[in-house]
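Asker: Only the shape, not the letters, is given here:
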Ligand SMILES: C=C1C[C@]23C[C@@]1(O)CC[C@H]2[C@]1(C)CCC[C@@](C)(C(=O)O)[C@H]1[C@@H]3C(=O)O
Ligand SMILES: O=C(O)CCC(=O)C(=O)O
Ligand SMILES: [Fe+2]
């Protein structure tokens, strides 16, 4: 068996043994000449990819926060236009130390280079987002994404707010991983600050005032998702992350500077969102679409992979506190009837982890599931 990353797939009793880890059959997929059928996405390229980059505004969030007045007004205009159309913009002036951003991308690279047995010590806990996963091979049987992921939570309204991420790494991987945990801790805290500043602009743009959305998410929980996309022998037959809208409220994405991969669907074409050095990509998620009563669009996006180059991305998801009811403010339901039922983030998180593979229609499927009574499963476990 070659050395290198391996895909961990459930043991198939009939299969000859390929070596096992923790009761799983281990197959080294990343280094084969052809991709297994389970990784083939038949419709991956049904719609064309364009070379024309997405026209996403670049918002100077720092100026908007400092300057008020014109700078805030400019940011409000940019954000309102982007969120009413494709739901994505980029932010600069966010104040995140470039050295921290670099250290966090390097830290993620360091984690994914660890031996499989070490990574499996933090294997994703079924039914939760938290932990390490390979191609989600423990959850899905087809359309497997060409990636490894590591996800963990952060909450800063908690007595352990300044060490919850460090504690996760040290307790699950050992004290040697405390420094790595500290880098991710600092990064998550920085991302939370930036996302609350963005919430001020979003609230102003919706006409509910700077503090409404900020206050709604101040005690929110966050999920950090590190993505590692290995080079792929057949990049046109698979996807790194399939077409979807993020279920959370807001996503702040840091991409490897040199390697693009993120694409947004606009007018029937997949348009690249190329990494701008120093900028963070921000997209609206399903929870914010519901909070805005459908005013702002949950961004429909995906990630493609490459034959020769690996790619990493860090997705920081801002979510409400688990038990806070997501319900639009009255100002957004006067002219428009309610688009979605009340729900909590805990409900939507459970829906995506236990009943439904998040895709381009998660919010509508979730609303139906809630209407049918959460005890029923939607039968969409694709
Ligand atoms: C609530 C979530 C589910 C996913 C992680 C996330 O925290 C936000 C993004 C979701 C996801 C990336 C959307 C595409 C499908 C998915 C299965 C994936 O490719 O990873 C989704 C994540 C998940 O682990 O369910
Ligand atoms: O890797 C990317 O560029 C996108 C990842 C993504 O959409 C996600 O993790 O939700
Ligand atoms: Fe996403």
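Answerer: Right, received. Where do you want to start? The structure presented is a predicted model; accordingly, all values stated were derived computationally and were not measured. Ligands and ions are numbered 1, 2, ... in the order given.
Asker: which residues are contacting the helix or strand harbouring residue 99?
Answerer: Residue 99 is part of helix 98-112, with elements assigned from DSSP states H and E. The contact list for helix 98-112 (C-beta atoms under 8 Å, 6 or more residues apart in numbering) reads 5, 119, 148, 150, 180, 183-184, 186-187, 190, 226, 228, 254, 256, 278, 312, 314. C-beta: built from backbone N, CA, C; applies to glycine.
Asker: That one and ligand 2, any residue contact?
Answerer: No. Using C-beta under 6 Å from any ligand atom, helix 98-112 stays clear of ligand 2, with a minimum separation of 11.5 Å.
Asker: got the end-to-end distance for stretch 228-243?
Answerer: 17 Å (C-alpha to C-alpha, to the nearest Å).
Asker: That stretch and ligand 2, any residue contact?
Answerer: Yes. Stretch 228-243 lies within reach of ligand 2 by C-beta under 6 Å from any ligand atom, at residue 241.
Asker: returning to what we had before: okay, buried residues for the helix holding residue 99 please.
Answerer: 101, 103-105, 107-108, 111-112 (16 or more other C-beta atoms under 10 Å).
Asker: Stretch 355-364 too?
Answerer: 355-359, 362-363.
Asker: Check stretch 314-328 too.
Answerer: Quick answer for stretch 314-328 (16+ other C-beta under 10 Å): 314-321, 324, 326-328.
Asker: Those residues in strands, which ones?
Answerer: Residues of those located in strands (DSSP state E): 314-319, 326.
Asker: quick one: which of those residues is nearest ligand 2?
Answerer: Closest approach to ligand 2 among these (C-beta to the nearest ligand atom): residue 315, at 3.9 Å.
Asker: Could you report the pLDDT at the closest one?
Answerer: Here, the pLDDT recorded for residue 315 equals 98.
Asker: For it, give its distance to ligand 1.
Answerer: In this view, residue 315 and ligand 1 are 7 Å apart by C-beta to the nearest ligand atom, to the nearest Å.
Asker: could we number from 562 for the rest of this?
Answerer: Okay, using 562 as the starting number, the last item reads as residue 876.
Asker: Grab the nearest non-local neighbour of that residue.
Answerer: Leaving aside its sequence neighbours, residue 876 sits nearest to residue 786 (C-beta to C-beta, 6 or more residues apart in numbering; 4.3 Å).
Asker: and the stretch 762-911 of the chain, which residues reach ligand 2?
Answerer: Residues of the stretch 762-911 of the chain lying near ligand 2 by C-beta under 6 Å from any ligand atom: 786, 788, 802, 807, 814, 816, 822-823, 862, 864, 874, 876.
Asker: what bridges to the closest residue to ligand 2 within the stretch 712-861 of the chain?
Answerer: As assessed by C-beta to the nearest ligand atom, ligand 2 sits closest to residue 823 within the stretch 712-861 of the chain, at 3.5 Å. On the basis of DSSP bridges, residue 823 is bridged to residue 864.
Asker: Hmm, it is touching residue 861, no?
Answerer: No. The criterion here is C-beta atoms under 8 Å, and residue 823 misses it with residue 861 at 11.8 Å.
Asker: which one of the two has more residues nearby?
Answerer: residue 823 (25 against 21; other C-beta atoms under 10 Å).
Asker: residues in contact with that one?
Answerer: Applying C-beta under 8 Å, 6+ apart to residue 823 gives the contacts 814, 816, 833-834, 842, 862-864, 874.
Asker: Nearest to residue 893 among those residues?
Answerer: Within those, proximity to residue 893 (C-beta to C-beta) peaks at residue 862, which comes in at 24.3 Å.
Asker: residues near that closest one, how many?
Answerer: When neighbours are counted by other C-beta under 10 Å, residue 862 registers 26.
Asker: any idea how far residue 899 is from ligand 1?
Answerer: Applying C-beta to the nearest ligand atom to residue 899 and ligand 1 gives a distance of 23 Å.
Asker: So that residue, which state does it fall into?
Answerer: Secondary structure assignment for residue 899 (DSSP: H, G, I helix; E, B strand; the rest coil): coil.
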